[in-house]
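Undergrad: Using only what follows, build the 3D model:
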Amino acid sequence: MNPLIETFYKAFNNLDANTMCSCYHEDIVFEDPAFGRLEGVRAKAMWQMLCESQNDKNFKVEVSNINSNDTEGSAHWEAYYIFSKSGRKVHNKIDAQFEFKDGLIINHKDNFNLHKWARQALGFKGLVIGRTRYFKNKLKAQTNRLLDKYIDEKKLSR
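TA: Just a heads-up that it's a prediction; the model follows:
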């Protein structure tokens, strides 16, 4: 079994973005329902931004069902946190798929039920609009604007 996935999620639970990013290949491609497709520096910066946003907060990650070999892997993970914009508790359940190259993660895809997430994070509003294409597009645009701002403030190269 490849220990990279376990290292990645242990670091995430500890909000250690540097270790998380060290698990990623320089040509990493990440994708999830909230951010869409992120490549290279943008994928790494997303984890840095998320870890920083959860410092000194009640954040926890639990990972299970890790399966991997030298070329691919998968895991189930659950995140527990307070969504900052609403102050609401979120328990998000995510299934992840990985591909490895040169001993690092080159492709990482997280899949979760965006409607369930929206319902938890936004309450009634999320329940009503969380399934719509409008919401999905607006969320991706908003998360990517925040990521662009973070990258600019940290002076990270794109």
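
Undergrad: what comes into contact with the biggest strand by length in the chain?
TA: Identified as the longest strand of the chain according to DSSP state E is strand 88-101. Outside strand 88-101, the residues that touch it by CB atoms under 8 Å, 6 or more residues apart in numbering are 2, 4-5, 25, 27, 32, 68, 70-83, 105-113, 116-117, 120-123. Where you see a C-beta, it was placed from the backbone N, CA and C, and this is true even at glycine.

Undergrad: What about those residues, which are in helices?
TA: Judged by DSSP state H, the contacts of strand 88-101 include L4, I5, K116, W117, Q120, A121, L122 as members of helices.

Undergrad: Just give the number of residues close to the third one.
TA: So that's K116. If you count neighbours by other CB atoms under 10 Å, K116 ends up with 16.

Undergrad: which ones are touching it?
TA: Per CB under 8 Å, 6+ apart, neighbours of K116: N92, K93, G130.

Undergrad: Give me the buried subset of these.
TA: N92, G130 (16 or more other CB atoms under 10 Å).
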